[in-house]
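S.K.: Sequence first, predicted coordinates after that:
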Amino acid sequence: MSYIVEKAEGAFSRLVGLPSELLDRIDDALRELAASPRELGKKACFPYPPKGQMYSFHRDHGGVRYYFVAFYYFADDEKTLRVYDVTVTTAF
């Protein structure tokens with residue numbers, strides 16, 4: 001079963017300024033997460049909500065490796081993943 005991914009308002013606010021091609025690849029990663037959230041995700045730690053999960057992944061673009069962490073939780077309907085934050089760091 002694949003979950004529906006719902007992005008909270010402001011979830012991508014830290015990604016402002018990233019190339020659009022990279023943003024498309026982030027959406028691809030979230031679709032992968034939706035297909036296997038229990039296998040790909042792990043429990044998030046403080047200061048994130050107690051029932052929160054996190055999914056770490058990386059993507060390369062223009063000779064730079066970008067490391068992302070998507071923070072999400074399972075909605076009460078048991079069909080939706082609510083992504084409430086995505087962080088990014090880089091390594092050259």
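M.R.: Okay, I see it. Numbering: from 1, shown residues only.

S.K.: Only C-alpha atoms from now on, for both contacts and neighbour counts.
M.R.: Noted.

S.K.: now for whichever strand or helix holds Glu32, which elements pack on it?
M.R.: Here Glu32 sits within helix 20-35, counting by DSSP states H and E. Applying 3 or more C-alpha pairs under 8 Å, 6 or more residues apart in numbering; DSSP states H and E, we find helix 20-35 packed against strand 4-7, strand 53-61.

S.K.: Could I get the buried residue list for the longest one?
M.R.: For strand 53-61, burial by neighbour count (16 or more other C-alpha atoms under 10 Å) applies to Gln53, Met54, Tyr55, Ser56, His58.

S.K.: Please identify which pair of those residues lies farthest apart.
M.R.: Spatial extent of the buried residues of strand 53-61 (C-alpha to C-alpha) is set by the pair Gln53 and His58 at 17.1 Å.

S.K.: how near is the closest residue to Ile4 other than its chain neighbours to His61?
M.R.: Excluding its sequence neighbours, the residue lying closest to Ile4 (C-alpha to C-alpha, 6 or more residues apart in numbering) is Thr80, at 4.6 Å. Distance check for Thr80 against His61: by C-alpha to C-alpha, to the nearest Å, it reads 29 Å.

S.K.: now the residue most central in space within the chain, what's its secondary structure?
M.R.: Nearest to the mean C-alpha position of the chain, counting by C-alpha atoms, centre = their mean, stands Ala70 at 2.6 Å. Secondary structure, DSSP: H, G, I helix; E, B strand; the rest coil: Ala70 is strand.

S.K.: what residues are up against it?
M.R.: Each residue near Ala70 by C-alpha atoms under 8 Å, 6 or more residues apart in numbering is listed here: Met54, Tyr55, Ser56, Val83, Tyr84, Asp85, Val86, Thr87.

S.K.: helix, strand or coil for the fifth one?
M.R.: Three-state call for Tyr84 (three-state DSSP): strand.

S.K.: pull the CA atoms of stretch 34-54 into CSV?
M.R.: C-alpha atoms of stretch 34-54 as CSV (Å, rounded to 0.1, in the frame of the first residue of the first chain):
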residue,chain,number,x,y,z
ALA,A,34,5.2,6.8,0.6
ALA,A,35,5.7,3.3,-0.8
SER,A,36,7.7,2.0,2.2
PRO,A,37,7.5,4.4,5.2
ARG,A,38,8.0,1.8,7.9
GLU,A,39,11.1,0.4,6.2
LEU,A,40,12.7,3.7,5.2
GLY,A,41,11.7,5.9,8.2
LYS,A,42,12.8,5.9,11.7
LYS,A,43,11.6,7.5,14.9
ALA,A,44,12.5,11.2,15.2
CYS,A,45,14.1,12.5,18.4
PHE,A,46,13.6,15.6,20.5
PRO,A,47,12.7,18.4,19.6
TYR,A,48,10.4,16.9,17.1
PRO,A,49,6.9,15.7,18.0
PRO,A,50,6.8,12.4,19.9
LYS,A,51,5.0,10.5,17.2
GLY,A,52,7.2,11.9,14.5
GLN,A,53,9.3,9.9,12.0
MET,A,54,12.3,10.9,9.9
